[in-house]
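1. Let's see this in three dimensions:
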Amino acid sequence: MTEQALYILASLARAECHGYGISRDAEELSGGRVRLTAGTLYGALNRLTADGLVEPAGEREVQGRRRRYYRITAAGSAALAEEVERLRSTAAVLGARVRTAPA
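-> Got it, this is the predicted structure:
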(Lines give C-alpha, C1' and ligand atoms only; values in the text may rest on other atoms or scores of the structure.)
Protein backbone atom coordinates (compact mmCIF):
# COMPACT_ATOMS: atom_id res chain seq x y z
CA MET A 1 0.00 0.00 0.00
CA THR A 2 1.35 3.44 -0.87
CA GLU A 3 1.90 5.99 1.85
CA GLN A 4 -0.69 8.23 0.18
CA ALA A 5 -3.30 5.46 0.21
CA LEU A 6 -2.50 4.67 3.84
CA TYR A 7 -3.13 8.25 4.93
CA ILE A 8 -6.26 8.58 2.80
CA LEU A 9 -7.73 5.46 4.40
CA ALA A 10 -6.67 6.66 7.86
CA SER A 11 -8.36 9.99 7.22
CA LEU A 12 -11.58 8.32 6.11
CA ALA A 13 -11.49 5.91 9.06
CA ARG A 14 -12.51 8.85 11.24
CA ALA A 15 -15.45 10.02 9.11
CA GLU A 16 -16.53 10.55 5.52
CA CYS A 17 -14.91 13.60 4.03
CA HIS A 18 -14.40 15.63 0.85
CA GLY A 19 -11.14 15.71 -1.09
CA TYR A 20 -9.72 18.91 0.36
CA GLY A 21 -10.49 17.72 3.91
CA ILE A 22 -8.80 14.38 3.22
CA SER A 23 -5.74 16.19 1.89
CA ARG A 24 -5.49 18.46 4.95
CA ASP A 25 -6.00 15.55 7.36
CA ALA A 26 -3.38 13.39 5.62
CA GLU A 27 -0.86 16.21 5.85
CA GLU A 28 -1.63 16.71 9.54
CA LEU A 29 -1.53 12.98 10.35
CA SER A 30 1.81 12.57 8.58
CA GLY A 31 3.41 15.56 10.25
CA GLY A 32 3.63 17.30 6.88
CA ARG A 33 5.40 14.43 5.07
CA VAL A 34 2.40 13.61 2.86
CA ARG A 35 1.11 16.51 0.78
CA LEU A 36 -1.56 15.39 -1.65
CA THR A 37 -1.91 17.52 -4.75
CA ALA A 38 -5.29 17.34 -6.50
CA GLY A 39 -3.93 14.98 -9.16
CA THR A 40 -2.34 12.63 -6.64
CA LEU A 41 -5.34 12.69 -4.32
CA TYR A 42 -8.01 12.04 -6.94
CA GLY A 43 -5.86 9.46 -8.72
CA ALA A 44 -5.45 7.59 -5.44
CA LEU A 45 -9.16 7.94 -4.60
CA ASN A 46 -10.04 6.52 -8.03
CA ARG A 47 -7.72 3.53 -7.46
CA LEU A 48 -9.04 2.97 -3.92
CA THR A 49 -12.60 3.15 -5.26
CA ALA A 50 -11.81 0.66 -8.05
CA ASP A 51 -10.27 -1.66 -5.43
CA GLY A 52 -13.43 -1.42 -3.28
CA LEU A 53 -11.64 0.23 -0.35
CA VAL A 54 -13.37 3.61 -0.67
CA GLU A 55 -16.74 4.62 -2.06
CA PRO A 56 -18.40 7.89 -3.00
CA ALA A 57 -20.69 9.24 -0.28
CA GLY A 58 -22.49 11.85 -2.37
CA GLU A 59 -22.04 15.52 -3.11
CA ARG A 60 -22.92 18.46 -0.92
CA GLU A 61 -22.77 22.18 -1.28
CA VAL A 62 -20.47 23.80 1.27
CA GLN A 63 -20.09 27.58 1.25
CA GLY A 64 -21.40 27.73 -2.29
CA ARG A 65 -19.08 25.00 -3.63
CA ARG A 66 -20.01 21.45 -4.60
CA ARG A 67 -17.88 18.94 -2.76
CA ARG A 68 -17.70 15.22 -3.45
CA TYR A 69 -17.52 13.14 -0.27
CA TYR A 70 -15.94 9.71 0.19
CA ARG A 71 -16.16 7.04 2.88
CA ILE A 72 -14.10 4.00 3.72
CA THR A 73 -15.68 0.59 3.06
CA ALA A 74 -15.50 -2.49 5.30
CA ALA A 75 -12.81 -3.84 2.96
CA GLY A 76 -10.96 -0.52 3.30
CA SER A 77 -11.09 -0.71 7.10
CA ALA A 78 -9.75 -4.27 6.98
CA ALA A 79 -6.95 -3.26 4.59
CA LEU A 80 -6.04 -0.32 6.85
CA ALA A 81 -5.91 -2.58 9.91
CA GLU A 82 -3.73 -5.09 8.05
CA GLU A 83 -1.34 -2.36 6.91
CA VAL A 84 -1.09 -0.93 10.44
CA GLU A 85 -0.26 -4.40 11.77
CA ARG A 86 2.34 -4.92 9.01
CA LEU A 87 3.96 -1.60 9.89
CA ARG A 88 3.96 -2.48 13.61
CA SER A 89 5.64 -5.79 12.88
CA THR A 90 8.21 -4.16 10.61
CA ALA A 91 8.98 -1.50 13.22
CA ALA A 92 9.42 -4.18 15.91
CA VAL A 93 11.85 -6.20 13.78
CA LEU A 94 13.86 -3.16 12.76
CA GLY A 95 13.83 -1.76 16.30
CA ALA A 96 15.24 -5.02 17.64
CA ARG A 97 18.00 -4.91 15.04
CA VAL A 98 18.91 -1.33 15.94
CA ARG A 99 19.04 -2.17 19.64
CA THR A 100 21.44 -5.07 19.03
CA ALA A 101 23.68 -3.30 16.51
CA PRO A 102 27.25 -2.68 17.65
CA ALA A 103 27.97 0.88 18.67
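2. all contacts plus neighbour counts: C-alpha atoms, from now on.
-> OK.
3. Now do the strands in the protein.
-> 17-18, 54-62, 65-72 (DSSP state E).
4. so which of the ones you listed is the most packed in?
-> Comparing the strands of the chain by mean neighbour count (mean count of other Cα atoms under 10 Å), strand 17-18 ranks first with a mean of 20.
5. Can you spell out which helices and strands pack onto the top helix by length along the chain?
-> The residue-count maximum for a helix in the chain (DSSP state H) belongs to helix 74-100. Other helices and strands packing on helix 74-100, by 3 or more Cα pairs under 8 Å, 6 or more residues apart in numbering; DSSP states H and E, are helix 3-14.
6. okay, now Leu87: neighbour count?
-> Leu87 has 12 neighbours, counted by other Cα atoms under 10 Å.
7. still on that earlier bit, off-centre distance for the longest helix of the chain?
-> Chain-centre distance of helix 74-100: 15 Å, with Cα atoms, centre = their mean, to the nearest Å.
8. what about it, average pLDDT?
-> Across helix 74-100, the average pLDDT comes to 95.
9. quick check: angle from that helix to strand 65-72?
-> If you take axes from the mean of the first three to the mean of the last three Cα atoms, to 10 degrees, helix 74-100 sits at 70 degrees to strand 65-72.
10. mind listing what's buried in helix 74-100?
-> Within helix 74-100, the residues that count as buried by 16 or more other Cα atoms under 10 Å are 76-77, 79-80.
11. Output those in a markdown table, with distance to Pro56 appended to each entry.
-> What follows is the buried residues of helix 74-100, written out as a markdown table (distance: Cα to Cα, whole Å):
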| residue | distance to Pro56 |
| --- | --- |
| Gly76 | 13 |
| Ser77 | 15 |
| Ala79 | 18 |
| Leu80 | 18 |
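12. ok, so of the residues you listed, who is nearest Ala38?
-> Gly76 (21.2 Å; Cα to Cα).
13. dump the residue contacts of that closest one.
-> Contact partners of Gly76, counting by Cα atoms under 8 Å, 6 or more residues apart in numbering, are 9, 52-54.
14. which among the residues you listed end up buried?
-> 9, 53-54.
15. which one of those residues is nearest Leu87?
-> Leu9 (14.7 Å).
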